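Undergrad: just a sequence and a predicted model for now, questions to come.
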Amino acid sequence: MKEAVNTDFPVHCRVTDTDQFLKVMFPVEDTLVDAIWKKVKVVHHPQSRWSAFPESVAKEDELYGAFVSVANAIHNAAEELCPHHPGENTARLGGSTTWVDYHSKSPNSVDKDIARIRPDCLLAHSLLHDRVQTLPPDDATGVIWWLQIVAALEMKRNDKEKWEGVVKQLIGYLRQILREQLDRRFVFGFTLGPRCMAVCLHDRSGVLLTSTPIDIHKSPKNFIRIIAAFAVLAPHKLGFDPSMKIYVQPNEVVESYRLTSETALDVFATDSYKKRWVITLNDGTQYLTVKVMSVARARVMRGRATLVWAVVRFVNGRPGTEVFVLKQSWRPETVKSEGEFYNEAKGSDCSHLGRITLCEDAVVDDMVDRTGSFIRAGLSASLPPGVNQERGTKRARAESEEPFLHVASTNDDEIERITTPRERQYVSRVHTRVIMSTYGWPLKYFATLKELLSVFLNGVQGHAYLYENGLLHRDISAGNVIIAWWPSEGATTLGTRGCLIDFDRSKLGTRNPRTLPQFQTQNNPLTATQLTIRSATLLDYFQSRKDSPLSVSVQPDVISSADDVLGAEYNNYTIAAISYSLAFPPAPENYTITTDRLGWRTVAQCFDFNTSITAPNNAKDGPKGSRTGTPPYASAEILGRVKYGTISAEVEYHDAIHDIESFLWILVNICLTRSGPRGARRTELTETDPGHDMLRRVVYYVFDSDEPDLIKNKRRLFAEPSAFERDVVGNFHAYFHDLKPLIRQWFSLLCLAYKHRELYEYHTLHERVVDLLKKAVVTVPSEEDHDDQFAANVFEERKKEISDLCLLSATSSTSNAAHSDSPPIATTFQTRSQQRVPPESPTPHKRAKKSVR
């Protein structure tokens, strides 16, 4: 936690005018502030200071009790003077909370891996008070849970203590609250010394601090305004999401801050991966979560903080039977929503894309839930003085709990991060929800090689469809290509297809009027003599190579087409293209080279993604130079912004070839890290046997290391294709032996397209890779009887999982909801042999609006 805060803090922390902050964040009526002041002044502030605070402080812990006593006096006075009456439309926290001195304990969490950090004082739900009184003294330690905390305070003994260190400690607490309380949109925190207080708001745009200290003794009414706000303001003004309620049992669905003392402890002790929620959309439609698919990103200091659940409809307290996927995130306000991208590309017309049924910007209190204009009320902000802007990495949950995220096979830490130009400016974000009717499983849980290849084929076809409709995905990762549940009527086989999902980092392109590359259209075509000379030159080259067929001939249209595109520079490209054609598959003894065999054809339309497209309301789909991706699978051109084969030539924009490369890296990662179907991980990755050092090094340096190493090693592989064969393909698990020809050809095709940009291979990459995958699906060997039986068994178990999710929604409560750390389907049936051929020995060598209905 400390490292994460240190790396994120300099980039995502801002300060704003203190008076304006207090006015808009704590809108307590002046008359109420005056009344509270009048009520507490005589006892707690008889002269020029709050009497509980010592005039001189020897130890910091002298301040804890002082603050708690004064804060609770103000809190209670506010509740007494402004009581909540039954029947009021707006609920309040009020008397359900109390300030607590908790500096010697660390709040409880079901996550045993979290940092044992200890806020000095807390505003916490007091609903467990009665139960705590019945516990033995030693059991009362740590009885407050992170899920109970409304706000946190960090104390400092000296008001002159350096502010940055204290604020970083506070941010660590606030970040932990956001991580554990999935129904929090933002959270407040405070730093306090003997006299001076600072206030902090932490939302998904980062941290906003008051720019000048508040003297609580000289300005007691400001202090009262802050503390009283937590007693009288509506919960959504204190950061709670009014659209989310805890599902305790069928007849008990309640806000997390309204839990009864009888059920609260059970709910708090339930892991985030088992907790159940009822989520209400803008139109009142409700969904019940039945399975967590991803909540790891709730920990981020600033970002989308994406949460994903499998859900069913919840109507009149009764769950439905159809499983959907619900995703909540905080997208940048200047970026189109995922639903808008989906509509622009006519996504509903393609069966290889996750089907979005609804996309909306969440509305709170009749306002779109934005961090800028709503949560922060449009407050202007600036960078704190003297802060060095650097940022670092993030840590996430284990693979069993977050199966859709990349897991570093070499050290079991997740490295799923998005790479963009460093954002040093404040980014306003919009709370967005997406409902998708496509449910599925991560790629690594494939049942057979044929299914794995089919899913990749469908994923590339989905990507090609988006591209043909002017949309580039830009985040191809293992979590965004899924095995989708798609059974036909009466089906008894696997009933799946590949689907590409998550379009929220996509970019719209414009149709480019160019029609290059194209066939010969010159007014002065080559003469017969020129064709003969150039053909002879090519034939001499290939006949001199030992790996060439015995007899090679070149048709004139090959020379003409190359000359039309390249002119006098045609030779290198033509040789490279013909060499690729001869190698994959190996050419027969007598081979005639034609434009058809080379795949050279006219491309009628190209798309240009080097522009920024203006969306409605002046929103944009992303700046011209923005590059996104998940580092383990991203092209080194995107990570490092330098073209392969050059020292410094800048990559101008993210293009289709970079996503096609990402598809390849996903498949390569599976071949290196898995030992067969159903997600089985290779034991060699965690063994200490030095004979497997090379495998572990390859996985680490190509997928799991930091960005500089990822860039360096991927660039090396493209510069030295023999290293890709030796070090990468040579370390595949034996189960994936039959995929080696496909991967070799795919990689060689990318090398050719990158080396000769803007030519035939570059602009026909989709259809070429689709063709490769189609052939691989047909030709991959299978033990038919065994595979068919195994596939039928997996189908039945996947079908049962869907049925169980619906059954779970109707019968289980939050406190005992089912959750498994194993893969989605546990099968006792044997797979085909995972040692079909002897492994090849590697050569040693040195990561607010609805858009769709």
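TA: Sure, I can see it.
Undergrad: where does residue 430 sit: helix, strand or coil?
TA: strand (DSSP: H, G, I helix; E, B strand; the rest coil).
Undergrad: what's near enough to touch it?
TA: 330-333, 337, 361, 368-371, 848 (CB atoms under 8 Å, 6 or more residues apart in numbering). (Each C-beta comes from the backbone N, C-alpha and C, glycine too.)
Undergrad: which of the residues you listed lies closest to residue 649?
TA: residue 332 (29.1 Å; CB to CB).
Undergrad: not counting sequence-adjacent ones, nearest residue to the closest one?
TA: residue 427 (5.1 Å; CB to CB, 6 or more residues apart in numbering).
Undergrad: and that neighbour, how many neighbours does it have?
TA: 20 (other CB atoms under 10 Å).
Undergrad: same check on residue 639?
TA: 21.
Undergrad: who's in contact with it?
TA: If you count contacts by CB under 8 Å, 6+ apart, then residue 639 has 419, 629, 631, 707, 710-711, 714 around it.
Undergrad: among these, name the buried ones.
TA: Buried subset of these (neighbour count, 16 or more other CB atoms under 10 Å): 419, 629, 631, 707, 710-711, 714.
Undergrad: just to revisit the earlier point, which of the contacts of residue 639 fall within helices?
TA: Among those, DSSP state H puts 707, 710-711, 714 in helices.
Undergrad: so the residue nearest to residue 332, which of the three states?
TA: Under three-state DSSP, residue 427 comes out as coil.
Undergrad: phi first, then psi, for it.
TA: phi -120, psi 110 (degrees, to the nearest 10).
Undergrad: and the gap between it and residue 14?
TA: 11 Å (CB to CB, to the nearest Å).
Undergrad: show me where pLDDT drops low in the stretch 351-500 of the chain?
TA: Applying pLDDT under 70 to the stretch 351-500 of the chain flags the ranges 386-424, 487-494.
Undergrad: now do the helices in the stretch 401-550 of the chain.
TA: For the stretch 401-550 of the chain, the helices defined by DSSP state H, counting those that start in this stretch cover 449-468, 528-543.
Undergrad: surely residue 51 is in a strand?
TA: No - the assignment for residue 51, made by three-state DSSP, is coil rather than a strand.
Undergrad: how about the nearest residue to it, chain neighbours excluded?
TA: Per CB to CB, 6+ apart, closest to residue 51 is residue 44, 6.0 Å.
Undergrad: okay, helices next: where are they in the stretch 101-250 of the chain?
TA: Using DSSP H, counting those that start in this stretch, helices in the stretch 101-250 of the chain cover 129-133, 163-180, 220-232.
Undergrad: name the residues of the second one that come out as buried.
TA: Of all the residues in helix 163-180, those buried under the rule 16+ other CB under 10 Å are 163, 166-180.
Undergrad: go on, stretch 683-690?
TA: With the criterion 16+ other CB under 10 Å, stretch 683-690 contains buried residues 684-685.
Undergrad: again with stretch 574-584
TA: Neighbour counts over stretch 574-584 (16+ other CB under 10 Å) mark 574, 576-582, 584 as buried.
Undergrad: report the distance from the strand or helix carrying residue 665 to the chain centre.
TA: Following DSSP states H and E, the helix or strand that holds residue 665 is helix 656-673. Relative to the chain's own centre, helix 656-673 is displaced by 18 Å; criterion: CA atoms, centre = their mean, to the nearest Å.
Undergrad: now it - C-alpha only, CSV.
TA: Only the C-alpha atoms of helix 656-673 are listed here, as CSV (Å, rounded to 0.1, in the frame of the first residue of the first chain):
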residue,chain,number,x,y,z
ALA,A,656,-4.5,-2.7,-36.3
ILE,A,657,-1.1,-4.5,-36.5
HIS,A,658,-0.4,-3.7,-32.9
ASP,A,659,-3.6,-5.4,-31.8
ILE,A,660,-2.9,-8.4,-34.1
GLU,A,661,0.5,-8.7,-32.4
SER,A,662,-1.3,-8.7,-29.0
PHE,A,663,-3.5,-11.7,-30.1
LEU,A,664,-0.3,-13.6,-30.8
TRP,A,665,1.3,-12.8,-27.4
ILE,A,666,-1.8,-14.1,-25.6
LEU,A,667,-1.5,-17.4,-27.5
VAL,A,668,2.2,-17.6,-26.9
ASN,A,669,1.7,-16.9,-23.2
ILE,A,670,-0.8,-19.8,-22.9
CYS,A,671,1.7,-22.1,-24.7
LEU,A,672,4.5,-21.2,-22.3
THR,A,673,2.6,-21.1,-19.0
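Undergrad: after it, which helix or strand is next?
TA: Helix 656-673 is succeeded, C-terminally, by helix 693-699 (DSSP H and E).
Undergrad: how close does the closest residue to residue 374 other than its chain neighbours get to residue 237?
TA: The shortest distance from residue 374 to any non-neighbouring residue, by CB to CB, 6+ apart, is to residue 367 (5.0 Å). Taking CB to CB as the criterion, residue 367 is separated from residue 237 by 12 Å.
Undergrad: kindly report the same for residue 655.
TA: For residue 655 relative to residue 237 (CB to CB), the value is 45 Å.
Undergrad: between these two, which is the more surrounded one?
TA: Counted by other CB under 10 Å, residue 655 and residue 237 do not tie: residue 655 has more neighbours, with 23 against 19.
Undergrad: from residue 504, how far off is that one?
TA: Applying CB to CB to residue 655 and residue 504 gives a distance of 19 Å.
Undergrad: just the element for residue 39, please.
TA: Residue 39 belongs to helix 30-44, assigned by DSSP H and E.
Undergrad: distance between stretch 149-163 and the chain's centre?
TA: Stretch 149-163 sits 32 Å away from the centroid of its parent chain (CA atoms, centre = their mean).
Undergrad: one more: stretch 223-241?
TA: That offset, for stretch 223-241, works out to 31 Å (CA atoms, centre = their mean).
Undergrad: now the end-to-end length of it.
TA: With CA to CA, to the nearest Å as the measure, stretch 223-241 spans 26 Å from end to end.
Undergrad: and if you look at stretch 241-259?
TA: First-to-last distance for stretch 241-259 - CA to CA - comes to 15 Å.
Undergrad: list the contacts of it.
TA: Contacts of stretch 241-259 (CB under 8 Å, 6+ apart): 91, 93, 96-97, 125, 127, 147, 150, 181-185, 235-236, 240, 263, 267, 275-281, 288-289, 317, 362, 364-365, 810, 813-815.
Undergrad: likewise stretch 104-113?
TA: 116-119, 122, 141-146, 148-149, 176, 180, 268-272.
Undergrad: quick one: buried ones out of the residues you listed?
TA: 117-119, 122, 143-146, 148-149, 176, 180, 268, 270, 272.
Undergrad: and which of those residues is nearest residue 202?
TA: The nearest one, if we look at the buried ones among the contacts of stretch 104-113 relative to residue 202 and count by CB to CB, is residue 176, at 10.5 Å.
Undergrad: quick one: the closest residue to that closest one other than its chain neighbours and residue 240, what's the gap?
TA: Nearest residue to residue 176, sequence neighbours excluded (CB to CB, 6+ apart): residue 146, at 5.8 Å. Noted for residue 146: a distance of 15 Å to residue 240, by CB to CB.
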